[in-house]
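A.B. asks: Predicted model, plus sequence, below.
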Amino acid sequence: MKKSSKIKLIVMSHPDDAELSCGGSVVKWTQRDDVYYIIVSSGEKGSWDKKESVFDIGKKREKEAIKAADYLGVKKVIFLKYSDGDVVEVKTLKLEIAALIRYIKPDTIVTHDPLWSRYFHPDHRATAHAAIEGAMIAREWHFYPFLREIGLPPHRPGELLLTPTDRPTIINDITNTIDKKVESMKFHKSQVKQLPEWEQRIRDFARIVGEKAGFEYGEGFYRIQL
């Protein structure tokens, strides 16, 4: 693992969630930091094509995610490959995330805001809760002693950033990176072809967030200090 000023770990439910929620910020972070993705589900049910198999969809979406991450300068994408739509049923998820936090040693963890009112997808809420609980497990000495035995001692990240959020405490100016955010979404071809006017919707939402802080475009985060 190369030395950098900070390490950021982005934990998201589906292959396009990172770019959609914070792609403009990822562009800035990768210029100075090591950025890793954990993607919990391969999004194999995220298609309206009745003839396409879920296995092919999942493979396609993983490839799209890797291309988008490479474009933004992300160091590595880790796929946990859990069933799309059933993340809440994964009892080991918080432990797996905790183990990866101890291994990667991030300064910052970015995940979904479980309280964001516009989320209707249960995977987002489940992933958020698992990431938050995983961060707590990762920092505590007496949680899951076997982790120490396999060479994963506790690690305390500095902060959690939840996004998108209705109550941002931090808004990043992405005016100079909004175009790269949009370009990164184009790698998710299987998804954007299903969403009419997707590019305009992304720009409109970023404009609304940015206006709160006096920026042309922005991405908002609710920060929790750990």
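C.D. replies: Looks like it arrived, so ask away.

A.B. asks: switch to C-alpha atoms for all contacts and neighbour counts from now on
C.D. replies: Noted.

A.B. asks: Just give the nearest non-adjacent residue to Ala138, would you?
C.D. replies: Ala98 (4.7 Å; C-alpha to C-alpha, 6 or more residues apart in numbering).

A.B. asks: Let me know whether that neighbour touches Phe143 as I believe.
C.D. replies: No - counting by C-alpha atoms under 8 Å, Ala98 stays clear of Phe143, with 10.0 Å between them.

A.B. asks: which residues are common contacts for these two?
C.D. replies: Common contact partners of Ala98 and Phe143 (C-alpha atoms under 8 Å, 6 or more residues apart in numbering): Ile137.

A.B. asks: Give me the below-cutoff pLDDT ranges for this structure.
C.D. replies: Within the chain, the set of residues satisfying pLDDT under 70 comprises 1-4, 117-119.

A.B. asks: and the residue nearest to Ala138, helix, strand or coil?
C.D. replies: helix (DSSP: H, G, I helix; E, B strand; the rest coil).

A.B. asks: ok, it - contacts?
C.D. replies: Ala131, Glu133, Gly134, Ala135, Met136, Ile137, Ala138 are the contacts of Ala98 under C-alpha under 8 Å, 6+ apart.

A.B. asks: okay if I get those residues as TSV plus secondary structure and neighbour count?
C.D. replies: Formatted as TSV, these follow (DSSP: H, G, I helix; E, B strand; the rest coil; neighbours: other C-alpha atoms under 10 Å):
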residue	secondary structure	neighbour count
Ala131	helix	27
Glu133	helix	16
Gly134	helix	21
Ala135	helix	26
Met136	helix	18
Ile137	helix	23
Ala138	helix	29
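
A.B. asks: would Glu62 count as being in a helix?
C.D. replies: Yes - per three-state DSSP, Glu62 lies within a helix segment.

A.B. asks: mind listing what it touches?
C.D. replies: Here Glu62 is in contact with Pro15, Ser42, Phe79 (C-alpha under 8 Å, 6+ apart).

A.B. asks: what residues are up against the first one?
C.D. replies: Taking C-alpha under 8 Å, 6+ apart as the criterion, Pro15 is in contact with Ile39, Ser41, Ser42, Gly43, Arg61, Glu62, Glu64, Ala65.

A.B. asks: With Ile39 as the reference, measure out to it.
C.D. replies: For Pro15, the distance to Ile39 equals 6 Å [C-alpha to C-alpha, to the nearest Å].

A.B. asks: number of nearby residues for the closest residue to Leu93 other than its chain neighbours?
C.D. replies: Nearest residue to Leu93, sequence neighbours excluded (C-alpha to C-alpha, 6+ apart): Ala130, at 6.1 Å. Other residues near Ala130 number 25, with proximity taken as other C-alpha atoms under 10 Å.

A.B. asks: is it true that Ala130 touches Lys94?
C.D. replies: Yes - with contact defined as C-alpha under 8 Å, Ala130 and Lys94 form a contacting pair (4.4 Å).

A.B. asks: what's whichever strand or helix holds the residue nearest to Leu93 packed up against?
C.D. replies: Element membership for Ala130, per DSSP states H and E: helix 122-139. Here helix 122-139 touches strand 7-12, helix 93-104, strand 108-111, going by 3 or more C-alpha pairs under 8 Å, 6 or more residues apart in numbering; DSSP states H and E.
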